[in-house]
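> Task: produce atomic coordinates for the following.
(2 chains)
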Protein chains: 2
Amino acid sequence: MILKGNFIWAPELGRLEVRERAFLVAEGERIVGIYDRLPPEYAGRPVTDWGEAVIIPGFNDLHIHAPQLINRGIGYDARLLDWLDTYTFPVEARYRDMEFARAVWKAFLNRLWAAGTLRFSAFATIHKQAAWELMELTERSGLRGLVGKVNMDRNAPEALREDTGASLADTEELICRSRAELKRVGFILTPRFVPSTTEKLMEGLGLLGEKYDLPVQSHLAENPSEVDWVHQLHPDIPTYTQVYETYGLLRRDKTIMAHAIYLSPEEKDLLCRRGVMLAHCPLSNINLSSGVMPLRGALEEGLRCCVASDVAGGHTAAMNRSVAAAVGLSKLNWLSRPEERSLSLWEAFYLATRGSGSFFGRVGCFEPGFDFDALVLVPDPTDSLLERTPAERLEQFLYDGDDRQIAARYCGGALVEQPFPS
Amino acid sequence: MILKGNFIWAPELGRLEVRERAFLVAEGERIVGIYDRLPPEYAGRPVTDWGEAVIIPGFNDLHIHAPQLINRGIGYDARLLDWLDTYTFPVEARYRDMEFARAVWKAFLNRLWAAGTLRFSAFATIHKQAAWELMELTERSGLRGLVGKVNMDRNAPEALREDTGASLADTEELICRSRAELKRVGFILTPRFVPSTTEKLMEGLGLLGEKYDLPVQSHLAENPSEVDWVHQLHPDIPTYTQVYETYGLLRRDKTIMAHAIYLSPEEKDLLCRRGVMLAHCPLSNINLSSGVMPLRGALEEGLRCCVASDVAGGHTAAMNRSVAAAVGLSKLNWLSRPEERSLSLWEAFYLATRGSGSFFGRVGCFEPGFDFDALVLVPDPTDSLLERTPAERLEQFLYDGDDRQIAARYCGGALVEQPFPS
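Numbers count the residues shown, from 1 in each chain, chains lettered A, B, ... in the order given. All right, here's what the predicted structure looks like:
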């Protein structure tokens, strides 16, 4: 496959590569290279010429709650713990109804596809059947990612409070079934967060993680009341982070922790040693008045970080808006803490493409050997009234573009069409 | 005209009216009333039944730079004064080319129409011809508002630095011509800001304001460097606000000042006495790292406030996104200043509809005697998978809706179609 266009990507934090009117060659799932002139061995092969379009890596969203897609925008005058009880849990209880679940999952995958999120790590609900359905629909969608059945066996409304043994058994069944039947979608262990999971459940999940060498996703230190609650629940363990560590849930280089706002230096050090990916969710942190993650500090201390949507704490699945919000939140932080340099747009772009893509391996860059994931962006006609560089057109897309400007999506070397047209 | 639907509006700060499956009757430009059952005198008249749609007042945007529409999203890693020099002024210089100006103005009016901004107060550029063209195109568009030719005769690049006498003469010509020829569009005096306007120019504009009883719009206390600069330029006048006052540019109940972040108590008191409308522009203040306007305090002190887009300091003309951003910024402010209660979504909605509409008179409410301006919102099909109240559907639109969900727009009692279809 050969594509021609203006390629832009961020290979590392703060560095942007722009290759105008270049050729990208991919074979199978992988990128062979990018060339200013097509090498002679490819002469005569068909070239898809995207003209003036800007081509970027796909977005990778490492923290999103699939069942909450339909809760976007609702109830944000509350804060985390009340919001969960009032808005989140009642909706999640409905996913025992498989017809309902299937309709939302299709809408969810269509929405991610539309917005250019080609890979993701999603929370489903506690329901085994609904989680399986999401995995299977994702496999069929052409998108890729990780899906976890949520585990909760305490501090949850009755309809969502699992029996510990059943929760573990359901989880193991999904692990085995997905390994046997799916190729593009993996299972990820998904304890909701410490307050919702007993010691016994966390211990069991840690053992499953070890047995099947699984990734893990959860929440960490999002809100001061939540942090206090964890300390009350686990008075013998010094920090929130160490609760996960105690039960084997900080799996090296395979763990995503969302938010990570209120951490001690010891916690950051442990997260760094375990190679945990911190998913910064600016829209959610703003909507739920949670706080400002000290992102610049985390990056400088060598922590792995990415930008994620956290729908429905975040109000949109469109990752370009989370990129812009990460920059904005960082500028506001700079106003009161001028020693913390704010994030540039290209740094935030890196965190939503290559930063998050690294969790899936060689994803998020247009360099040889990387998986070929890409979005083809066509400019809004209004913005073409002035001559613009490809990088300026990308700036405009990141701030004010939407799915109407994404003309094509490639994931793992293949063009992906809308998964579930109505 | 009779419409049926779910009507929602905010008649005052913090109060929301919801009338489900109600009938709105308008005669000519004005609303007669809203009724749960259609009064007998209207029996037999045609009713436009919008079914489950949510119908809200149109958005009114009191601070937007029309020439900068095509600069959205560009260069936000700079701050105000550098950004003006590097990004804003070079583009504004291009509007002596009338073909270019006309193309942007049409795109601008199409964009506002699409996003549901039915009334606005816009900065054009310094160019008399281009400003006239924007006024005339607005008159034809079916939208309503105020347009100002920008005045600048100091501290501007040569291409944008006017001769003081010519600037005043051009302004007066536009005032007279618009009074003679236009009905739905008015002229608004538009000194760019104190650093760009000499004493002589400000004095002349103040006299024109008096002579023709005109409204005024400008910028005030957006950025600390700008405030310092004003103090250097006018060492004999104690405050930025008093510079405008000195030259007759705080016209009672007819003045819009954008930003108003860095104000002394004396300045707030003066602005309150003059009934000046403060246009809070959250997206711009974030993008240009300008600061956080103390909005709650301003509201409690009785200052008139509204939410505005400030394109292209703001990156989108879609006012629903400025509403959500105002709430978000206010929550972030609450995190560090817990004594300042954050803005609720309905308060921000008020500020973008009735709050801003009050500048135009009886605009922004569905109450008898008000101008009939409205947007008809149809839900995203995904969000209809769950039963939602009309208010919840409006929450979802404000946070994550776009122009695809606006099925119809009424301004001044008339249905408005896309002004300039391509």
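
> Run a quick neighbour tally on the closest residue to chain B within the stretch 101-250 of chain A.
Residue of the stretch 101-250 of chain A nearest chain B, by Cβ to the nearest Cβ: residue A:107 (4.1 Å). Any C-beta I mention is one placed from the backbone N, CA and C, and that applies to glycine too. Using other Cβ atoms under 10 Å in any protein chain shown, residue A:107 has 20 other residues around it.

> Relative to residue A:225, how far out is the residue nearest to it when sequence neighbours are not counted?
Distances taken as Cβ to Cβ, 6 or more residues apart in numbering or on different chains place residue B:382 nearest to residue A:107, at 4.1 Å, with adjacent residues excluded. In this view, residue B:382 and residue A:225 are 31 Å apart by Cβ to Cβ, to the nearest Å.

> got it, and residue A:329?
With distances taken as Cβ to Cβ, residue A:329 is found 21 Å from residue A:225.

> quick one on the thing from earlier: can you pull the pLDDT of the residue nearest to residue A:107?
Here, the pLDDT recorded for residue B:382 equals 82.

> Helix, strand or coil: sort out residue A:155 for me.
Taking DSSP: H, G, I helix; E, B strand; the rest coil as the rule, one finds residue A:155 in the coil state.

> my guess is it contacts residue A:195, does it?
Yes: contact criterion Cβ atoms under 8 Å: residue A:155 and residue A:195 qualify, at 5.1 Å.

> circling back: please say which of residue A:329 and residue A:225 ends up with more neighbours.
Between residue A:329 and residue A:225, counted using other Cβ under 10 Å, the more crowded position is residue A:329 (25 against 12).

> and that one, what does it touch?
Counting by Cβ atoms under 8 Å, 6 or more residues apart in numbering or on different chains, residue A:329 touches A:282, A:285, A:286, A:292, B:332.

> same question, residue A:378
A:52, A:53, A:405, A:407.

> Filter these down to the ones in strands?
Using DSSP state E, A:52, A:53, A:407 are the members of the contacts of residue A:378 that sit in strands.

> returning to that earlier point: which among the contacts of residue A:378 end up buried?
Among those, those scoring as buried are A:53, A:405 (criterion: 16 or more other Cβ atoms under 10 Å in any protein chain shown).

> from the contacts of residue A:378, which two are the most distant?
Comparing all pairs in these by Cβ to Cβ, the longest separation belongs to A:52 and A:405, at 12.5 Å.

> So for the two, which residues contact both of them?
Shared contacts of residue A:52 and residue A:405 (Cβ under 8 Å, 6+ apart): A:378, A:379.

> quick one: terminal-to-terminal distance for stretch A:304-322?
The first and last residues of stretch A:304-322 sit 18 Å apart, counting by Cα to Cα, to the nearest Å.

> list the buried ones in it?
A:304-322.

> If we check chain B, which of those residues are in contact?
The residues of those that also fall near chain B, by Cβ under 8 Å from any Cβ of the partner chain, are A:315, A:316.

> Just the ones in strands from the buried residues of stretch A:304-322, please.
Among those, the members falling in strands are A:304, A:305, A:306, A:307 (criterion: DSSP E).

> could those residues go into TSV alongside pLDDT?
Conversion of those to TSV gives the following (pLDDT from 0 to 100):
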residue	pLDDT
A:304	98
A:305	98
A:306	98
A:307	98
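
> Count the neighbours of the closest residue to chain B within the stretch 251-400 of chain A for me.
As assessed by Cβ to the nearest Cβ, chain B sits closest to residue A:399 within the stretch 251-400 of chain A, at 3.2 Å. Neighbourhood size, residue A:399 [other Cβ under 10 Å]: 24.

> who touches it in this structure?
Residue A:399 neighbours (Cβ under 8 Å, 6+ apart): A:320, A:324, B:72, B:73, B:76, B:315, B:316.

> Between all of those, which two are separated the most?
The span of the contacts of residue A:399, defined through Cβ to Cβ, is set by A:320 and B:76 at 13.9 Å.

> follow-up on the earlier one: contacts only, for the residue of the stretch 101-250 of chain A closest to chain B.
Residue A:107 makes contacts with A:69, A:70, A:420, B:381, B:382, B:385, as judged by Cβ under 8 Å, 6+ apart.

> Residue A:133 looks like it's in a helix, true?
Yes: counting by three-state DSSP, residue A:133 falls inside a helix.

> Now for it: which residues touch it?
Shown in contact with residue A:133 (Cβ under 8 Å, 6+ apart): A:98, A:101, A:102, A:105.

> isn't the second one right next to residue A:127, touching?
Yes: Residue A:101 is in contact with residue A:127 according to Cβ under 8 Å; the separation is 7.3 Å.

> residues bridging contact with these two, i.e. touching both?
Shared contacts of residue A:101 and residue A:127 (Cβ under 8 Å, 6+ apart): residue A:95.

> what about the helices in the stretch 51-200 of chain A?
For the stretch 51-200 of chain A, the helices defined by DSSP state H, counting those that start in this stretch occupy A:80-83, A:89-92, A:98-115, A:128-141, A:164-181, A:199-212.

> By neighbour count, which bits of the second one are buried? Give me those.
Residues A:89, A:91, A:92 are the ones in helix A:89-92 that count as buried (16+ other Cβ under 10 Å).

> Next, work out how far apart the residue of the stretch 101-250 of chain A closest to chain B and residue A:150 are.
According to Cβ to Cβ, residue A:107 and residue A:150 sit 19 Å apart.

> List the buried residues in stretch A:397-412.
Buried residues in stretch A:397-412, defined by neighbour count with 16+ other Cβ under 10 Å: A:397-403, A:405-406, A:408-412.

> Could I have the CA atoms of that stretch written out in CSV?
This file holds the C-alpha atoms of stretch A:397-412, laid out as CSV (Å, rounded to 0.1, in the frame of the first residue of the first chain):
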residue,chain,number,x,y,z
PHE,A,397,-8.0,20.4,13.3
LEU,A,398,-6.8,19.7,16.8
TYR,A,399,-8.6,22.8,18.2
ASP,A,400,-11.7,23.0,16.1
GLY,A,401,-12.0,20.0,13.8
ASP,A,402,-14.4,17.2,13.9
ASP,A,403,-15.1,13.9,12.3
ARG,A,404,-16.3,15.6,9.1
GLN,A,405,-12.7,16.4,8.4
ILE,A,406,-11.5,12.9,8.7
ALA,A,407,-11.7,11.4,5.2
ALA,A,408,-10.2,8.0,5.9
ARG,A,409,-8.9,5.8,8.7
TYR,A,410,-6.3,3.1,8.5
CYS,A,411,-5.7,0.7,11.3
GLY,A,412,-3.1,-2.1,11.3
